[in-house]
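Participant: Sequence first, predicted model second:
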Amino acid sequence: MDCHSPGQGLMPASFKVRTVPRDGDDDATEDILDPDFGEAAIGRVAPVDSGLWWIILLRAYGKFTGDLSVQERTDVQTGIKMILKLCLADGFDMFPTLLVTDGSCMIDRRMGIHGHPLEIQALFYSALRCAREMLTPEDGSADLIRAMNNRLIALSFHIREYYWVDMKKLNEIYRYKTEEYSYDAVNKFNIYPDQISTWLVEWMPDRGGYFIGNLQPAHMDFRFFSLGNLWSIVCNLATEEQSDAVLDLIEAKWNDLVADMPLKICYPALEGQEWQIITGSDPKNTPWSYHNGGSWPTLLWQLTVACIKMNRPELARKAVVVAEKRLSRDGWPEYYDTKRARFIGKQARLYQTWSIAGYLVSKLLLRNPEFAKILTCEEDMELLDACYCLLLEANPKRKRARKKASKSYIV
């Protein structure tokens, strides 16, 4: 765009079919795919998540079919490496999380998620885990695998330690001291306690917790983002205790997050002056609509995978029953509006592939729960031990005996 191109490794978010004359035959034409890397997107935002999803689904295809020939192809291996090198490139950031602009994922309009949004971090972690399994061993891969392992350790620790909130953590933040200039500061990001909104104090259940939407210096986005939290469970970015707590929170706040149609893309919605400033008064992202607190049936399948992984399929079944009451009758809308998802979205397209697919995948997974393993990751004990060492360094008061890792990924 305007004489500038993004780095190699960016995956297009969509394709258009274009008809062109066939070479050597002026009377014949052929259809070609025209990729959009963000040049034609609203706001001209590059799709960061598309390459991460490609790696995740490539691994799922191999695990489901047993056909590893696709991921072992030279051009596919090159594609994996290009995506990884783009994501792992050095920059100015102090944190292991990926720094992105607003609108670079499923939420593709201005919603105040620029920085280090949870959804991107969960997909990034998942893609690193999947790519590590698929990269063929060769001399050129050693440095890349080492960089991936180091990033996985740092990213896992960072998200589990700093993005997590429950009632206990909220109380700690409420008592934070600020302006701590030291290496051993407790309030490392200089978060001001007044950032804790009134809605959150009343909304947070005694049992349960979740990963916040974003973390930057002096800023915590306390909104609950469904996809980021669910995929943190699926890819094992969350600990077992955190995973159960996220599902506990969804169950406790069912009327807010599910209500008449699963599942809220985020909660709560931006309203009033906050909506005006953050979205730029976006007429499509009005409160409780579209990406601003709208309900998206496609999120049903991610909820189902997370519930199956944590041996709580009954929660997913309950959500499917809610969806079945209206989804087909309403014409498979893209999203629903209002706080309880009572209206079909004001600009929602009908007979949407991902709404239909989300429902069908959920039904098939509940019928065959063993298939969920093609998408999930289990705890990597060596990564866990490395994270625990970092946790002790960050807070020496936390002491708990753990088995030592047989080797360390830290270089």
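Facilitator: That came in fine, so what should we check first? All values reported here derive from a predicted model rather than from experimental measurement. Numbering: from 1, shown residues only.

Participant: Next one: Ile374 from Leu84, what distance?
Facilitator: The spacing between Ile374 and Leu84, counted by C-beta to C-beta, to the nearest Å, is 21 Å. All C-beta spots, glycine's among them, are computed from the backbone N, C-alpha and C.

Participant: Also Gly294?
Facilitator: The gap separating Gly294 from Leu84 is 33 Å, by C-beta to C-beta.

Participant: before we move on, back to that, would you mind telling me which of Ile374 and Leu84 has more residues around it?
Facilitator: Shown here are Ile374 and Leu84; by other C-beta atoms under 10 Å, Leu84 has more neighbours (24 against 16).

Participant: wait, is the more buried one part of a strand?
Facilitator: No - Leu84 sits outside any strand when classified using DSSP: H, G, I helix; E, B strand; the rest coil, being helix.

Participant: ok, Phe95 touching Glu161?
Facilitator: No - distance between Phe95 and Glu161: 11.7 Å, which falls outside the contact criterion (C-beta atoms under 8 Å).

Participant: Between these two, tell me which one has more neighbours.
Facilitator: Phe95 (17 against 14).

Participant: Three-state assignment for the more buried one, please.
Facilitator: Looking at Phe95 with three-state DSSP, the answer is coil.

Participant: Now do the contacts for it.
Facilitator: The neighbours of Phe95, taking C-beta atoms under 8 Å, 6 or more residues apart in numbering as the test, are 116, 158.

Participant: could you measure Ile278 against Asp194, distance?
Facilitator: Noted for Ile278: a distance of 18 Å to Asp194, by C-beta to C-beta.

Participant: more crowded one of those two?
Facilitator: The neighbour comparison of Ile278 against Asp194 (other C-beta under 10 Å) goes to Ile278, with 17 against 7.

Participant: what are the phi and psi angles of that one?
Facilitator: Backbone torsions of Ile278, given as degrees, to the nearest 10, read phi -70, psi -40.

Participant: Quick one: residues contacting it.
Facilitator: 110-112, 270.

Participant: among those, who's most crowded?
Facilitator: That'd be Met111 among the contacts of Ile278, by other C-beta under 10 Å, with 25 neighbours.

Participant: State the pLDDT value of that residue.
Facilitator: Confidence at Met111, expressed as pLDDT, is 95.

Participant: Ok, Met204 next?
Facilitator: On the pLDDT scale, Met204 gets 97.

Participant: Now for the nearest residue to it once chain neighbours are set aside, how many residues are close by?
Facilitator: In space, and not counting its chain neighbours, Met204 is closest to Met167: 5.4 Å by C-beta to C-beta, 6 or more residues apart in numbering. Other residues lying near Met167 total 13 when counted by other C-beta under 10 Å.

Participant: Equivalent analysis for Ala147, please.
Facilitator: Number of residues near Ala147 (other C-beta under 10 Å) recorded here: 18.

Participant: circling back: quick one: the residue nearest to Met204 from Thr29, how far?
Facilitator: For Met167 relative to Thr29 (C-beta to C-beta), the value is 64 Å.

Participant: so where's the stretch 251-400 of the chain uncertain?
Facilitator: By pLDDT under 70, the low-scoring segments of the stretch 251-400 of the chain are 388, 390-400.

Participant: can you pull out the strands in it?
Facilitator: Counting by DSSP state E, counting those that start in this stretch, the stretch 251-400 of the chain has these strands, from start to end: 266-267, 336-337, 343-344.

Participant: hey, which of those is tucked in deepest?
Facilitator: Of all these, strand 336-337 has the most neighbours on average by mean count of other C-beta atoms under 10 Å, namely a mean of 26.

Participant: Residues in contact with that one: which ones?
Facilitator: Contact with strand 336-337 is made by 260-261, 288-290, 294-297, 342-346, 348, as judged by C-beta under 8 Å, 6+ apart.

Participant: and Leu33, helix, strand or coil?
Facilitator: strand.

Participant: for Asp26, same thing?
Facilitator: Per three-state DSSP, Asp26 ends up strand.

Participant: Run a quick neighbour tally on it.
Facilitator: Asp26 has 8 neighbours, counted by other C-beta under 10 Å.

Participant: do the same with Ala60
Facilitator: Neighbour count for Ala60, taken as other C-beta under 10 Å: 16.

Participant: OK, contacts around the residue nearest to Met204?
Facilitator: 204-206, 209.

Participant: Please flag which of those sit within strands.
Facilitator: Among the contacts of Met167, the members found in strands (DSSP state E) are Gly209.

Participant: Among the contacts of Met167, name the buried ones.
Facilitator: When the contacts of Met167 are checked for burial by 16 or more other C-beta atoms under 10 Å, the buried set is 204, 209.

Participant: so which two of the contacts of Met167 are the farthest from each other?
Facilitator: Asp206 and Gly209 (10.3 Å; C-beta to C-beta).
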